[in-house]
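Colleague: Sharing a model that was predicted from the sequence below.
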Amino acid sequence: FTPYGSFWTNDLAGLREEFSQNRIPINLRGLCEKEGYRSIALIPLFKEGKIFGLLQINDRRLQKFSNQDIKFLEKVVISISIAMTRKAIIQSLEQAKIQAEAANHAKSRFLSNMSHELRTPLNAVLGFSEILRSRERDLQKSRFLDSIHTSGEVLLSLINDILDLSKIESGRMELELD
């Protein structure tokens, strides 16, 4: 076994006791001998510090693997592990992006709906305040109505801006030339 956790042998015949003593839970020797393999290498694949698989290389020749071969295979497996971890991270980021886009779309729909729901009663307030302003002769009441009407127009402008923002975010904004 190497410090990385790899195992190899260049002569399976010498493995009579090795696997039972180390409690390796596979009948590797029997399977490999049945297929005629003499040299084997097992390189662990790590993910987040835990073994999640093995790269197994078999050969029917004796003395197939050297220390350099095993070190090279360990580097290959490390690259594979990095690539798999990177792929998992990319998939996680793509899923987070999809969720963020869905949340943004839901927010835009909410803003649009709320803008419409607020605009309807506000238009009624503005309309009735305009009617009352045109009929009111008392100066103090007329100023109150002017204040109500002006505040309503400011509020309506804010609501329209919110609706415009939600249209821009959802890509439904239409420009008009005057």
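Modeller: That came through, no problem.
Colleague: What about Glu48, how many residues nearby?
Modeller: Each residue near Glu48 was counted by other C-beta atoms under 10 Å, and the total is 8. Heads up, the C-betas are built off the backbone N, CA and C, glycines and all.
Colleague: Report the contact partners of it.
Modeller: Thr85 (C-beta atoms under 8 Å, 6 or more residues apart in numbering).
Colleague: Leu54 too?
Modeller: Neighbouring residues of Leu54 by C-beta under 8 Å, 6+ apart: Leu42, Ile43, Pro44, Leu45.
Colleague: and these, which are buried?
Modeller: By the neighbour-count criterion of 16 or more other C-beta atoms under 10 Å, those include these buried positions: Leu42, Ile43, Pro44.
Colleague: Tell me the one of those nearest Gly5?
Modeller: Each of those was scored against Gly5 by C-beta to C-beta, and Pro44 proved nearest at 4.6 Å.
Colleague: how about the host helix or strand of that closest one as CSV, C-alpha atoms only?
Modeller: Element membership for Pro44 (DSSP states H and E) is strand 39-47. Only the C-alpha atoms of strand 39-47 are listed here, as CSV (Å, rounded to 0.1, in the frame of the first residue of the first chain):
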residue,chain,number,x,y,z
SER,A,39,-0.6,-7.9,-12.0
ILE,A,40,-3.2,-5.6,-10.5
ALA,A,41,-3.4,-2.0,-9.2
LEU,A,42,-6.1,-0.4,-7.1
ILE,A,43,-6.0,3.4,-6.8
PRO,A,44,-8.7,5.0,-4.6
LEU,A,45,-10.8,7.9,-5.8
PHE,A,46,-11.3,10.4,-3.0
LYS,A,47,-14.2,12.9,-2.7
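Colleague: This completes my enquiry, with thanks.
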